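Asks: Requesting a structural model of the entry that follows:
(one chain, ligands or ions: 1)
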Amino acid sequence: MSAKSLTVTDNRTGKVYELPIEQGAIRAMDLRRIKVSEDDFGLMSYDPAFMNTASARSAITFIDGDRGILRYRGYPIEQLAERSTYLETAYLLLHGELPTVSQMDEWVYQITHHTWVHENLKKVMEGFHYDAHAMGMLVSMVSALSTFYPEAKDGTDGETRKLQIVRLIAKMPTLAAFAYRHNLGMPYAYPDNHLSYAGNFLNMLFKATEVKYEPHPTLERALEALFILHADHEQNCSTNAVRSVGSSRVDPYCAVASGVAALYGPLHGGANEAVVRMLQAIGSKDRVPQFIKQVEQGKAKLMGFGHRVYKNYDPRAKIIKRMADETFEVTRPNPLLPIALELERIALEDDYFVSRKLYPNVDFYSGLIYQAMGFPVEMFPVLFAIPRTAGWLAQWQEMIEDPEQKIARPRQIYVGAGEREYVPMGMR
Ligand code: ACO
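Replies: Presented below is the predicted three-dimensional model:
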């Protein structure tokens, strides 16, 4: 018997099975060998919400939640956030290696020269109410892109795939900025090819009457770093949506639109908004102990704390906390910051949080920065969707190229009625 295997006895039949263990996992399909009779379907595993099921082999992002480690393609997130740019990180996620100078030049050129969108997309945007949620608009606009690039349907051609990846990463900030300005009733600002990815995004958002918009370098860098921190996070809810929808071989615009839709949910991309609302409700530093008591009594949740994977300080939260000080030197200080700091100080010493390993996550401080930069809360998930596009596409590409992947199709355990006769309406 191999040391790298699991021996299972089926007590229904007394039969013994040996299941190979590879990279800390057994294959669910190996369970199908376990049958009570020849015509039995075979054993399945039941795992709602994928609590213990690996759906992919991935070489993109590594997380060790117990130790608070996050790496893209092996590079620690701390180093990337400090030294890389968003586009360089996107290249790394998609290609597996950091670019050389010429690869980077070509990549930046390509992205910069695909930022414009077809004028007809503005008409699509005009159909939305003035108060439409920016994320709702983004879902629709990304899927609308699909109709402008019918060649994207050919997922078999690597070059075609590459072009759609460039287009999506390039156009996402443009669509997001159009959504923002639509809400304000302002004319759309067109991309400026002389600015960086983050700088151009700030330009399309905030440009007013000035001939040339000059982003503040500290805010540009802060946004760039926030984009890097949000670029990928392995198999989360939205990435799983992109992989699953993409497995039907629909074009990447529709697959990414499904990721944006998943991110829209309050349990996923909406938590930083909830943090800001929570801090506003607490109102002042002296009311923090009272709030913590409510959390301990199960009457409230400390938003921005806790994570399914991190049972330690979320490494992204650590970086964002440091960045907050630099940002507030340029913007006005966010009056909610002292409340957040006091919450963190008390929570990290409090037995309720310590015993449950609840630490600040990425959303605890990011909302405060976004708010100080002038973003309304509805834009917070949009600011998450833009950078996550690189991660979604890297995961989509990996899925397409993985010979083990097929159309995603889970099994179910049927618990409904057995066969019964149709009853005419008058006799029910
Ligand atoms: N405040 C108070 N108690 C909490 C919190 C919190 N923020 N998070 C978890 N707990 C408690 C739970 O009540 C539970 O206590 P119990 O064992 O006494 O019942 C225990 O800690 C374990 O929590 P679970 O709910 O089992 O953890 P799970 O992994 O299912 O949930 C989640 C993780 C959803 C992130 C949760 O911690 C939470 O709701 N946090 C607040 C929302 C938030 O900040 N979300 C952003 C996550 S990061 C992201 O998506 C980008």
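Asks: The residue in the stretch 251-400 of the chain that the ligand sits nearest to: what's it in contact with?
Replies: Using C-beta to the nearest ligand atom, the single residue of the stretch 251-400 of the chain nearest to the ligand is Gly306, 2.3 Å away. Any C-beta I mention is one placed from the backbone N, CA and C, and that applies to glycine too. Gly306 makes contacts with 356, 358-359, 361, as judged by C-beta atoms under 8 Å, 6 or more residues apart in numbering.
Asks: Output those in JSON lines, with neighbour count appended to each entry.
Replies: Formatted as JSON lines, the contacts of Gly306 follow (neighbours: other C-beta atoms under 10 Å):
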{"residue": "Arg356", "neighbour count": "11"}
{"residue": "Leu358", "neighbour count": "19"}
{"residue": "Tyr359", "neighbour count": "23"}
{"residue": "Asn361", "neighbour count": "24"}
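Asks: out of those residues, which touch the ligand?
Replies: Restricting those to those touching the ligand (C-beta under 6 Å from any ligand atom) yields 356, 358, 361.
Asks: which stretches of this protein aren't confidently modelled?
Replies: Residues of the chain that meet the criterion pLDDT under 70 lie in 1.
Asks: right, and Glu398 touches Thr61 too?
Replies: No. Using C-beta atoms under 8 Å, Glu398 is not in contact with Thr61; the gap is 10.6 Å.
Asks: more crowded one of the two?
Replies: More neighbours surround Thr61 than the other of Glu398 and Thr61, with 22 against 19 (other C-beta atoms under 10 Å).
Asks: which ones are touching the more buried one?
Replies: Residues near Thr61 by C-beta under 8 Å, 6+ apart: 70-73, 93, 232-234, 391.
Asks: Run through the residues of the chain sitting next to the ligand.
Replies: Counting by C-beta under 6 Å from any ligand atom, the residues of the chain close to the ligand are 268, 271, 295, 301-308, 356, 358, 361-363.
Asks: Repeat the analysis, applying 5 Å as the threshold.
Replies: When proximity is defined by C-beta under 5 Å from any ligand atom, the chain lies next to the ligand at 271, 295, 301-302, 304-306, 308, 356, 361, 363.
Asks: ok, which stretches of this protein are strands?
Replies: In the chain, the strands defined using DSSP state E lie at 5-10, 15-20, 61-64, 69-72, 75-76.
Asks: taking the ones you listed together, which one is wrapped up most tightly?
Replies: Compared across those, strand 69-72 shows the largest average neighbour count, a mean of 21 (mean count of other C-beta atoms under 10 Å).
Asks: who touches that one?
Replies: Contacts of strand 69-72 with the rest of the structure, by C-beta under 8 Å, 6+ apart, involve 60-63, 76-77, 80, 89, 92-93, 231-233, 315-316.
Asks: and with 7 Å instead?
Replies: Residues outside strand 69-72 that contact it (C-beta atoms under 7 Å, 6 or more residues apart in numbering): 60-63, 77, 80, 89, 92-93, 231-232, 315-316.
Asks: right, and out of these, which lies closest to the ligand?
Replies: The nearest member of these to the ligand, counting by C-beta to the nearest ligand atom, is Arg316 at 8.6 Å.
Asks: okay, now the closest residue to the ligand within the stretch 51-200 of the chain: neighbour count?
Replies: Per C-beta to the nearest ligand atom, Met51 is where the stretch 51-200 of the chain lies closest to the ligand, at 9.0 Å. With neighbours defined by other C-beta under 10 Å, the count for Met51 comes to 7.
Asks: any idea how far Tyr130 is from Met141?
Replies: According to C-beta to C-beta, to the nearest Å, Tyr130 stands 16 Å off from Met141.
Asks: who has more neighbours, the two?
Replies: Higher neighbour count among Tyr130 and Met141: Met141, with 24 against 8, using other C-beta under 10 Å.
Asks: Next up, the contacts around the nearest residue to the more buried one once chain neighbours are set aside.
Replies: Leaving out its chain neighbours, the residue that sits closest to Met141 by C-beta to C-beta, 6 or more residues apart in numbering is Leu175, at 4.4 Å. When contacts are counted by C-beta under 7 Å, 6+ apart, Leu175 is found next to 117, 138, 141-142.
Asks: Not counting its neighbours along the chain, what's nearest Lys35?
Replies: Distance criterion C-beta to C-beta, 6+ apart; nearest residue to Lys35, sequence neighbours excluded, is Gly42 at 5.0 Å.
Asks: circling back to that earlier point, now the contacts of Leu175 in TSV, with distance to Pro387?
Replies: Shown next, in TSV, are the contacts of Leu175 (distance: C-beta to C-beta, whole Å):
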residue	distance to Pro387
Val117	19
Leu138	13
Met141	17
Val142	14
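Asks: Tell me the one among these nearest to Asp192.
Replies: The closest of the contacts of Leu175 to Asp192 turns out to be Val117 (C-beta to C-beta; 14.6 Å).
Asks: Am I right that the closest one is in contact with Ala170?
Replies: No. Val117 is beyond contact range of Ala170, at 9.3 Å (criterion: C-beta atoms under 7 Å).
Asks: Helices of the stretch 251-400 of the chain, residue ranges please.
Replies: Taking DSSP state H, counting those that start in this stretch, the helices of the stretch 251-400 of the chain run over residues 252-264, 271-282, 288-296, 315-330, 337-349, 351-355, 363-372, 380-401.
Asks: out of these, nearest to Arg243?
Replies: helix 380-401 (4.8 Å).
Asks: Stretch 351-362: end-to-end distance?
Replies: End-to-end distance of stretch 351-362 (C-alpha to C-alpha, to the nearest Å): 22 Å.
Asks: likewise stretch 258-269?
Replies: Terminal residues of stretch 258-269 lie 13 Å apart, using C-alpha to C-alpha.
Asks: Counting neighbours, show which residues of that stretch come out buried.
Replies: Going by neighbour count (16 or more other C-beta atoms under 10 Å), the buried part of stretch 258-269 is 258-264, 269.
Asks: Spatially, what comes nearest to Lys212 if we skip its sequence neighbours?
Replies: Once flanking residues are discounted, Lys212 sits nearest to Asp192: 7.5 Å by C-beta to C-beta, 6+ apart.
Asks: how about that neighbour, phi and psi?
Replies: Dihedral pair for Asp192: phi -110, psi 110, per degrees, to the nearest 10.
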